[in-house]
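Colleague: I'd like to go over a predicted model; first the sequence, then the structure.
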Amino acid sequence: MPALPLDQLQITLKDPKTGKLTTSPALHSSRKADRYFVSYKPPPKDNIPALVEEYLERAAFVAADLDWLLALPHDKFWCQVIFDETLEKCLDSYLRYVPRKFDEGVAPAPEVVDMQKRLHRSVFLTFLRMSTHKESRDHFLSPSAFGEILYNNFLFDIPKILDLCVLFGKGNLSLLQKMIGNIFTQQPSYYNDLDETLPTILQVFSNILQHCGLQGDGACATPQKLEERGRLTPSDMPLQELKDIVLYLCDTCTTLWAFLDTFPVAGQTFQKHDFCYRLASFYETAVPELESAIKKRRLEDHKLLGDLWQRLCHSRKKLLEMFHILINQVCLLPILERSSDNVQGFIEEFLQIFSSLLQEKRFLRDYDTLFPVADDVSLLQQASSVFDETRTAYILQAVESAWEGMDRQKTTEATDLL
Amino acid sequence: MALPRLTGALRSFSNVTKQDNYNEDEAELKIKRSKLYSKGSDLGLTWKKIVKFLNENLDKDEVQSVNEDLKDILQASKQIVGMDNGREAIESGAAFLFKTFYLTNLVGHRETKAIKQMFGPFPPSSATAACDATSRITSHFSEDDLSDLLRKTEEENENRVLFGKNIVFSFDMHDLDHSDELPINGDNQKMISLDY
């Protein structure tokens, strides 16, 4: 007889007091073990022994509890995951606070490194198990119930998914792609959540511009108060403030890029918010200003400035790569994959996106260096017989004019180092 | 101070997450410790198993003297775990002390650290008493006999199958891309001719 999915399974239990047999769902809060997961705290920044010891104690609790969780049978695992709030908090705190590799910091003690590795693996395996609705032939959840469980219990949410991508996307990309693909397939409400999150993501870029005194879109929501000090530009602000901005930019770009790199299908949802144009516009406004601010500070902490420069170069590259993923996903891939009858809409989208950013000369130049626009245009020409030559020529001309007065060869070499 | 993060902003300002409170850090560890020793969940080796093992493997005369030592360990556990905790917690603490001291006859740094990690600050005299009593008990056995006791409980734990045991996991994480260095003196280095 085929096994029932866990969400439809009933179990019969004997009441210890009355001896009477009762039936209840296999997924029930009464079947959750009394376990207490502590939240995760990152290793101390300086290797003070007492703080290291405290970190190790807490981390050892988390590691042992996750090992215990991973060893639970399928039904018990899901009861714990659904009904244990301390577990949800523990996993969320790990995603929030575990140091990213690109964070600045001192080298941790060897025992801390070992513990971090143990935790990192266990956390990944826990999320992997949580994103798997069919564990074996006999142990599975029905896809619809699985989607409901994930969503209604906040087992995954958009910030968590973004964290997972930046933490595990480099070394475990193919598994992570399967996990996130399955989550979005079984629960399409995550697309709505992503759609709802995008205004906040765009607001993060606006906030960076605002902090740099460069509010884009000419739309600073509130007028500056009379008593408020004038907004400082990156060149005038204290170095610490500039550092905070560059670190924030670096984290934002790396995290978003890691998500799109893992799950490029999300590109359609991004572009619903005109993301390509917003990205290019942000790049055009913020990058030259931040570059110039770092270069100008000759007499300040050179080591820190070198680090900020590296982070800015990295952020630039991630912004350009993100734009390329979006163009690829929204226009180029559909053209390559579909028959020639259906490609016109995607070609139009491509032309519209590039037409909207012809004024963003610095962006166009840097993008063209990494991903030559002429190559994409040539692809479009091959894909369609009715191609708008006039508009295309106009775009290519704008790209060319973005290079005017610049040594193309030299810039290419510099960008190769990015 | 927490680093500025995109996902931090999304957690705070978007309405797609569950808002959590993370202000209970200190209390958490206390609750965890008390739960651990009241359950003895991670030990594998329980007090009952120890007593059963001793009864099965010692002569009647030996059992009588060992009972006194067991009482000493329970008494030490009571001091370390706390008088207010119930019998279950005290027996669980006693099993932990036995496991900590069964291969040593002194309270060294490793043992002190292990007890502190499990129970927090504790009276050193109680640890010494537990250590001495454990040594007296283990003197009746060869190391192989004791290993047998421990191995049985460990085998019980190992029989559990860990999800993902065979999955190849990589620790590689996204890092900063390599880039050119900060131009010296503000702009790209210019060639200066010294040919006057």
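Modeller: Everything's here; your move. Residues are numbered from 1 along each chain as shown, chains lettered A, B, ... in the order given.
Colleague: wait, does whichever helix or strand A:Ile183 is part of make contact with chain B?
Modeller: According to DSSP states H and E, A:Ile183 maps onto helix A:173-186. Yes. Contact between helix A:173-186 and chain B, assessed by C-beta under 8 Å from any C-beta of the partner chain, occurs at A:Leu175. To be clear about C-beta, it is placed using only N, CA and C from the backbone, and glycine gets the same treatment.
Colleague: what's the following helix or strand past that helix packed up against?
Modeller: Helices and strands here follow DSSP H and E; after helix A:173-186, the next one along the chain is helix A:189-211. If you count contacts as 3 or more C-beta pairs under 8 Å, 6 or more residues apart in numbering or on different chains; DSSP states H and E, helix A:189-211 packs onto helix A:143-152, helix A:158-168, helix A:173-186, helix A:239-262, helix A:267-271, helix A:275-296, helix B:6-13.
Colleague: rerun that using 7 Å as the cut-off
Modeller: helix A:158-168, helix A:173-186, helix A:239-262, helix A:267-271, helix A:275-296, helix B:6-13 (3 or more C-beta pairs under 7 Å, 6 or more residues apart in numbering or on different chains; DSSP states H and E).
Colleague: tell me which parts of the stretch 151-300 of chain A are close to chain B?
Modeller: Within the stretch 151-300 of chain A, the positions near chain B by C-beta under 7 Å from any C-beta of the partner chain are A:154, A:157-159, A:162-163, A:166-167, A:169-172, A:193, A:196-197, A:200, A:204, A:244, A:247-248, A:251-252, A:254-256, A:258, A:294-296, A:298.
Colleague: For A:Ile11, what are phi and psi?
Modeller: phi -120, psi 150 (degrees, to the nearest 10).
Colleague: Return the residues in contact with it.
Modeller: By C-beta atoms under 7 Å, 6 or more residues apart in numbering or on different chains, the residues touching A:Ile11 are A:24, A:26.
Colleague: swap in the one 4 residues further on?
Modeller: Contacts were defined as C-beta under 7 Å, 6+ apart; by that measure A:Asp15 touches A:Thr22.
Colleague: A:Thr262 versus A:Gln203, what's the distance?
Modeller: Using C-beta to C-beta, to the nearest Å, we find A:Gln203 at a distance of 23 Å from A:Thr262.
Colleague: Show me which of these two is the more surrounded one.
Modeller: A:Thr262 (25 against 16; other C-beta atoms under 10 Å in any protein chain shown).
Colleague: thought that one was touching A:Leu173?
Modeller: Yes. A:Thr262 lies in contact with A:Leu173 (C-beta atoms under 7 Å); the separation is 6.5 Å.
Colleague: helix or strand for the residue in the stretch 251-400 of chain A that chain B sits nearest to, which one?
Modeller: Closest residue of the stretch 251-400 of chain A to chain B, C-beta to the nearest C-beta: A:Cys313 (3.5 Å). Per DSSP H and E, A:Cys313 falls inside helix A:302-327.
Colleague: For chain A, what's the nearest residue on chain B?
Modeller: B:Ser170 (2.8 Å).
Colleague: I'd like the next helix or strand past the host helix or strand of B:Ala27.
Modeller: With elements taken from DSSP H and E, the one containing B:Ala27 is helix B:25-39. Toward the C-terminal end, the helix or strand that comes next after helix B:25-39 (DSSP H and E) is helix B:47-57.
Colleague: now what about that next one, what contacts it?
Modeller: B:63, B:66, B:70, B:91-92, B:94-95, B:98, B:145, B:149, B:153.
Colleague: let's go with 6 Å and repeat that
Modeller: The contact list for helix B:47-57 (C-beta atoms under 6 Å, 6 or more residues apart in numbering or on different chains) reads B:66, B:91, B:94-95, B:98, B:149.
Colleague: Give me the buried positions along that helix.
Modeller: Judged by neighbour count (16 or more other C-beta atoms under 10 Å in any protein chain shown), helix B:47-57 contains these buried residues: B:47, B:49-51, B:53-54.
Colleague: Adding distance to A:Thr12, write these out as JSON lines.
Modeller: Below are the buried residues of helix B:47-57 laid out as JSON lines (distance: C-beta to C-beta, whole Å):
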{"residue": "B:Trp47", "distance to A:Thr12": "33"}
{"residue": "B:Lys49", "distance to A:Thr12": "31"}
{"residue": "B:Ile50", "distance to A:Thr12": "35"}
{"residue": "B:Val51", "distance to A:Thr12": "35"}
{"residue": "B:Phe53", "distance to A:Thr12": "36"}
{"residue": "B:Leu54", "distance to A:Thr12": "39"}
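Colleague: right, and out of these, which lies closest to A:Arg121?
Modeller: Comparing the buried residues of helix B:47-57 against A:Arg121 with C-beta to C-beta places B:Lys49 closest, at 30.8 Å.
Colleague: first to last residue in stretch B:31-51, what's the distance?
Modeller: Using C-alpha to C-alpha, to the nearest Å, one end of stretch B:31-51 lies 28 Å from the other.
Colleague: mean confidence score for that stretch?
Modeller: In this model, stretch B:31-51 carries a mean pLDDT of 73.
Colleague: Equivalent analysis for stretch A:96-110, please.
Modeller: On average, stretch A:96-110 scores 89.
Colleague: C-alpha coordinates for it, PDB please?
Modeller: Once non-C-alpha atoms are left out, stretch A:96-110 reads as follows in PDB (Å, rounded to 0.1, in the frame of the first residue of the first chain):
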ATOM      1  CA  ARG A  96      21.500  37.400  10.400                       C
ATOM      2  CA  TYR A  97      24.700  37.400  12.500                       C
ATOM      3  CA  VAL A  98      27.100  34.900  11.000                       C
ATOM      4  CA  PRO A  99      30.000  36.900   9.500                       C
ATOM      5  CA  ARG A 100      30.200  37.000   5.700                       C
ATOM      6  CA  LYS A 101      33.600  36.300   4.200                       C
ATOM      7  CA  PHE A 102      33.800  39.800   2.900                       C
ATOM      8  CA  ASP A 103      33.200  41.400   6.300                       C
ATOM      9  CA  GLU A 104      36.200  43.000   7.800                       C
ATOM     10  CA  GLY A 105      37.600  41.400  11.000                       C
ATOM     11  CA  VAL A 106      40.500  39.700  12.700                       C
ATOM     12  CA  ALA A 107      41.400  36.100  12.100                       C
ATOM     13  CA  PRO A 108      39.600  34.000  14.600                       C
ATOM     14  CA  ALA A 109      41.200  31.400  16.900                       C
ATOM     15  CA  PRO A 110      41.500  27.900  15.400                       C
END
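Colleague: can you list contacts of that stretch?
Modeller: With C-beta under 6 Å, 6+ apart, stretch A:96-110 has contacts from A:40, A:42-43, A:47, A:52, B:173, B:175-176.
Colleague: from these, which two are the most distant?
Modeller: Across the contacts of stretch A:96-110 (C-beta to C-beta), the longest gap, 25.8 Å, separates A:Val52 and B:Leu176.
Colleague: tell me, how many neighbours does the residue nearest to A:Ser131 when sequence neighbours are not counted end up with?
Modeller: Nearest in space to A:Ser131, with sequence neighbours left out and distances taken as C-beta to C-beta, 6 or more residues apart in numbering or on different chains, is A:Met179 at 4.0 Å. A:Met179: 24 surrounding residues under other C-beta under 10 Å.
Colleague: pretty sure A:Met179 contacts A:Thr132?
Modeller: No. Counting by C-beta atoms under 6 Å, A:Met179 does not reach A:Thr132; the two are 7.8 Å apart.
Colleague: Tell me the buried residues in the strand or helix carrying B:Ile73?
Modeller: Following DSSP H and E, one finds B:Ile73 within helix B:60-81. Neighbour-count burial for helix B:60-81 flags B:63, B:66, B:69-70, B:72-81 (criterion: 16+ other C-beta under 10 Å).
Colleague: before we move on, what about stretch A:115-124?
Modeller: Buried-residue list, stretch A:115-124, by 16+ other C-beta under 10 Å: A:115-116, A:118-124.
Colleague: surely A:Phe350 meets A:Cys331?
Modeller: Yes. Applying C-beta under 6 Å as the test, A:Phe350 and A:Cys331 come out as touching, 4.0 Å apart.
Colleague: More neighbours: those two, which one.
Modeller: Higher neighbour count among A:Phe350 and A:Cys331: A:Cys331, with 27 against 22, using other C-beta under 10 Å.
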